[in-house]
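Visitor: I would like the atomic coordinates for the input below:
(one chain, ligands or ions: 1)
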Amino acid sequence: MRDIAQYDVLVVGAGFSGISALYRLRKLGLTVKVFESGGDFGGVWHWNRYPGARVDSEWPYYQLNIPEAYRDWDFSERFPDHNEIRAYFAHLDKVLGLRKDVRFNSHVTSAQWSSDGWTVETRDGQVAKAKYMILCTGSLHRRYVPGFPGLDTFKGVVHHTGAWPRDVSVQGKRVGIIGAGATGVQVTQELGKQASELTVFMRRPSYCLPMAQHKLSGAEQKGWKSYFDTLFRQGRKSPAGFPVLGMPMGVLDAAPTEREEWFENIWQRGAFNYLALNYNDVVLSKEANRLVYDFWARKVGARIKDDSKRKLMAPQEPPFFFGTKRSPLEQDYYEVIDQPNVHVVNLNDEPLRCFNATGIVVGDKQIDLDIVVLATGFDSFSGSLTQMGLKNRHGQDIAEIWKSGIRTYLGMTMHGFPNAFMVYSPHAPTALSNGPTLIELQCDWVVSAIEKLEKEGATRIEAKSAAEDDWIAMIDTMNERTLFPLTDSWWNKATIPGQKAQVLTYPEGIETYEAQVREKLEEWQGFEVTH
Ligand code: NA7
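Guide: Residues are numbered from 1 along each chain as shown. You can find the predicted model right below:
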């Protein structure tokens, strides 16, 4: 007979979501066990160690709204790097005493429902059971490596950015980077300064925005901290978790000079302000979008002296609509791209044919390399859930169920998975929001649901299939008036061959999302609750 540890709630994942869930569940006096496949706290930040890795959300907002934690914690930069973020997680652990409820290096390999709860098994031999389960597995966990022909014949070194070893030196080496998304931009910006030759293999450029990074002084932090509570609360009342509101008019409603002045103003503020503070029809109108793109292309183009590189990085004709795919923040990315030791291969003109022992063949050209960096992204949203043996109450694996498309209700529950919840998830504003803001919102909802169920003496909650249909149809309708569905990206799972592309982003902002999901909680709308 196996020894099965019993808890009230099992949580999978110990990043921002798992910690937020644990923190709230403890307040209810519930017993919790967190299983985490990594060796420490941090979720994606435990793994994200490639050179240049840093967060693109500004420091006040990229932390949890836990006063006992933020009171004694200072970041050193407006956009902290991965080392500092991990140090922040260690601080959370120290202040909140988290570790005693977490088992690390413990990858969940099976999660099965029986009439009285979830039984979870892990690769390291743990078995645990609980009435509830919260999946805090993140939306960007499972690394994506395209099936490049001959990849295994390459005699050099290959690293995916999500599994970067500690001791890689690229000094004097010929480096190739495949991918130019947020990760590709950061790693290129860093390695271009170190490698002897760096070749970027790019399908589409990113529309990068200026980071406007700066060091934070003690006085600046102290000043802001007295407003943290207000900032965090206002963040919840904003579209993306940052307490700012865009211009309440369309791009074409403004006179051209007025428009240019506003574009310039919000450009100079750096970060996502060129999107967040822009006119209200940037992702609704193709014409508006083009004007926003043209200003961006002029700004970026002016920084690239090399004509052919300028045409690739800031083309005259936009390859996709502005703001419909993640805009990374950069510091000197375009200057690095402009360096003579940095080369850009446009994979649309010269397709990547294969790897061989010494490098990569593109078009009819051989490019010899010592190190290849795969900045090719993640199996977004579903990747972590489809590799943990998660079965519905009929014993079907979620990997099978979701083959024909991801289904959720409110982005937090699923039909067939009683008493299971998920956070930072598909069908929620995940891709368009500041992570910690949305995570805290969803954890508040999930823990309120559990509290209410316990108060009512309920044994079981399950989303209705029809409620899922309605939620998905509503999100589709919301997106119909936007330009989002017209662009392929990890936001809509449209970049991995063989996977079902679908609209997965709730586009109306987190304030509207919270109001909607809160309302459903009151009368258990869309749920079957067994008392
Ligand atoms: P992304 O944003 O999904 O970027 C992946 C990159 O890899 C992107 O440039 C892709 O080109 C490229 N890619 C993917 N498959 C291929 C193949 N087969 N050949 C060549 N190039 C390929 O992942 P990131 O890690 O950069 O960022 C993920 C998120 O992390 C980011 O949005 C932030 O929120 C943090 P494409 O653009 O599809 O043409």
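Visitor: Give me every residue in this structure lying close to the ligand.
Guide: 140, 146, 178-184, 203-204, 326, 347, 352, 375-377, 490, 495 (Cβ under 6 Å from any ligand atom). All C-beta atoms are positioned from the backbone trio N, CA, C, and that covers glycine.
Visitor: Can you pull the phi/psi pair for Val34?
Guide: Here the main-chain torsion angles of Val34 (degrees, to the nearest 10) amount to phi -110, psi 130.
Visitor: Cross-check the contact I'm expecting between Leu198 and Gly172.
Guide: No: at 11.9 Å, Leu198 does not count as touching Gly172 under the criterion of Cβ atoms under 8 Å.
Visitor: Of the two, give the one with the bigger neighbour count.
Guide: Set Leu198 next to Gly172 and count neighbours by other Cβ atoms under 10 Å: Leu198 wins out with 27 against 10.
Visitor: ok, how many other residues are close to Thr477?
Guide: 10.
Visitor: ok, now how distant is it from Tyr333?
Guide: With the distance defined as Cβ to Cβ, to the nearest Å, Thr477 ends up 37 Å from Tyr333.
Visitor: go on, Asp488?
Guide: Separation of Asp488 from Tyr333 (Cβ to Cβ): 22 Å.
Visitor: Between those two, point out the one with more neighbours.
Guide: Taking neighbours as other Cβ under 10 Å, Asp488 and Tyr333 compare with Tyr333 leading, 26 against 15.
Visitor: Give me the pLDDT for the more buried one.
Guide: With respect to pLDDT, Tyr333 has a value of 98.
Visitor: and if you look at Asp167?
Guide: pLDDT recorded at Asp167 is 84.
Visitor: where does it land in three-state SS?
Guide: Following DSSP: H, G, I helix; E, B strand; the rest coil, Asp167 is assigned to coil.
Visitor: Count the residues that sit near it.
Guide: By other Cβ under 10 Å, the residues close to Asp167 number 4.
Visitor: What of Leu216?
Guide: By other Cβ under 10 Å, 16 other residues sit near Leu216.
Visitor: try the one 10 residues further on
Guide: One way to gauge burial is a neighbour count; for Ser226, by other Cβ under 10 Å, it gives 8.
Visitor: which residues does it contact?
Guide: Ser226 sits next to no residue when contact means Cβ atoms under 8 Å, 6 or more residues apart in numbering.
Visitor: Phi first, then psi, for it.
Guide: Per-residue torsions, Ser226: phi -70, psi -20 (degrees, to the nearest 10).
Visitor: Can you find the helix or strand of the protein with the lowest average pLDDT?
Guide: helix 218-225 (a mean of 90; mean pLDDT, DSSP states H and E).
Visitor: which other residues reach that one?
Guide: Under the criterion Cβ under 8 Å, 6+ apart, residues Pro60, Tyr70, Arg71, Asp74, Phe75, Leu231 lie in contact with helix 218-225.
Visitor: Go through that helix and flag the buried ones.
Guide: Gln221, Lys225 (16 or more other Cβ atoms under 10 Å).
Visitor: which residues in the stretch 301-450 of the chain form strands?
Guide: Applying DSSP state E, counting those that start in this stretch to the stretch 301-450 of the chain gives strands spanning 329-330, 342-346, 352-356, 359-362, 365-368, 371-374, 420-422.
Visitor: Mean neighbour count, these: which tops it?
Guide: Comparing these by mean neighbour count (mean count of other Cβ atoms under 10 Å), strand 420-422 ranks first with a mean of 27.
Visitor: Sheet-wise, list the partners of that strand with their directions.
Guide: According to DSSP bridges, strand 420-422 forms sheet pairs with strand 127-135 (parallel).
Visitor: Can you list the strands that the next helix or strand after the strand it pairs with pairs with?
Guide: Going down the chain from strand 127-135, the next helix or strand is strand 157-160, by DSSP states H and E. Strands that pair with strand 157-160, judged by DSSP bridges, come out as strand 371-374 (parallel).
Visitor: For the partner strand, give me every contacting residue.
Guide: By Cβ under 8 Å, 6+ apart, strand 371-374 touches 50, 143, 145, 154, 156-161, 168, 170, 173-179, 187, 191, 195, 355, 360.
Visitor: change it to 7 Å
Guide: The contact list for strand 371-374 (Cβ atoms under 7 Å, 6 or more residues apart in numbering) reads 145, 154, 156-161, 170, 173, 175-179, 187.
Visitor: and those, which are buried?
Guide: Applying 16+ other Cβ under 10 Å to those flags 154, 156, 158-161, 170, 173, 175-179, 187 as buried.
Visitor: Pairing partners for Val175 in the sheet, please.
Guide: Val175 forms beta bridges with Leu198, Ile371, as assigned by DSSP bridges.
Visitor: Wait, it touches Leu198, no?
Guide: Yes: taking contacts as Cβ atoms under 7 Å, Val175 lies within contact range of Leu198: 4.9 Å.
Visitor: Val95 looks like it's in a strand, true?
Guide: No: read with three-state DSSP, Val95 is helix and lies in no strand.
Visitor: for it, what are its contacts?
Guide: Going by Cβ under 7 Å, 6+ apart, Val95 touches Glu68, Ala69.
Visitor: Now do it against the ligand, distance only.
Guide: Val95 is 27 Å from the ligand, where distance means Cβ to the nearest ligand atom, to the nearest Å.
Visitor: rewinding a little: closest to the ligand out of the contacts of strand 371-374?
Guide: Gly179 (2.9 Å; Cβ to the nearest ligand atom).
Visitor: got the contact list for the closest residue to the ligand within the stretch 301-450 of the chain?
Guide: The nearest approach of the stretch 301-450 of the chain to the ligand comes at Gly377, 2.7 Å away (Cβ to the nearest ligand atom). Residues near Gly377 by Cβ under 7 Å, 6+ apart: Tyr144, Gly179, Gly181, Trp490, Thr495.
Visitor: Now it. Nearest residue, chain neighbours left out?
Guide: Distances taken as Cβ to Cβ, 6 or more residues apart in numbering put Tyr144 closest to Gly377, at 5.1 Å, once the chain neighbours are dropped.
Visitor: now Cys443
Guide: Distance criterion Cβ to Cβ, 6+ apart; nearest residue to Cys443, sequence neighbours excluded, is Ser20 at 4.1 Å.
Visitor: Equivalent analysis for His107, please.
Guide: The shortest distance from His107 to any non-neighbouring residue, by Cβ to Cβ, 6+ apart, is to Ser37 (3.8 Å).
Visitor: Asn105 versus the one you found, what's the distance?
Guide: Computed with Cβ to Cβ, the distance linking Ser37 and Asn105 is 7 Å.
Visitor: if we can go back for a sec, Tyr293: which of the contacts of Gly377 is nearest?
Guide: Proximity of the contacts of Gly377 to Tyr293 (Cβ to Cβ) peaks at Gly181, which lies at 17.8 Å.
Visitor: From what I see, the closest one and Pro205 are in contact.
Guide: No: using Cβ under 7 Å as the test, Gly181 is too far from Pro205 to be in contact (10.0 Å).
Visitor: buried stuff in the particular helix or strand that has Ala466 in it?
Guide: According to DSSP H and E, Ala466 maps onto helix 465-480. Buried residues in helix 465-480, defined by neighbour count with 16+ other Cβ under 10 Å: Ala467, Glu468, Trp471, Ile472, Ile475, Met478, Asn479.
Visitor: the domain parsing of this protein - what is it?
Guide: Annotated domains of the chain cover 5-142+379-462+508-524, 151-213+240-374 [automatic domain parsing].
Visitor: what's the most buried one of those domains?
Guide: domain 5-142+379-462+508-524 (a mean of 20).
Visitor: so how far is that domain off the chain centroid?
Guide: Relative to its chain's centre, domain 5-142+379-462+508-524 lies at 13 Å (Cα atoms, centre = their mean, to the nearest Å).
Visitor: So for that domain, first residue to last residue, what's the gap.
Guide: 30 Å (Cα to Cα, to the nearest Å).
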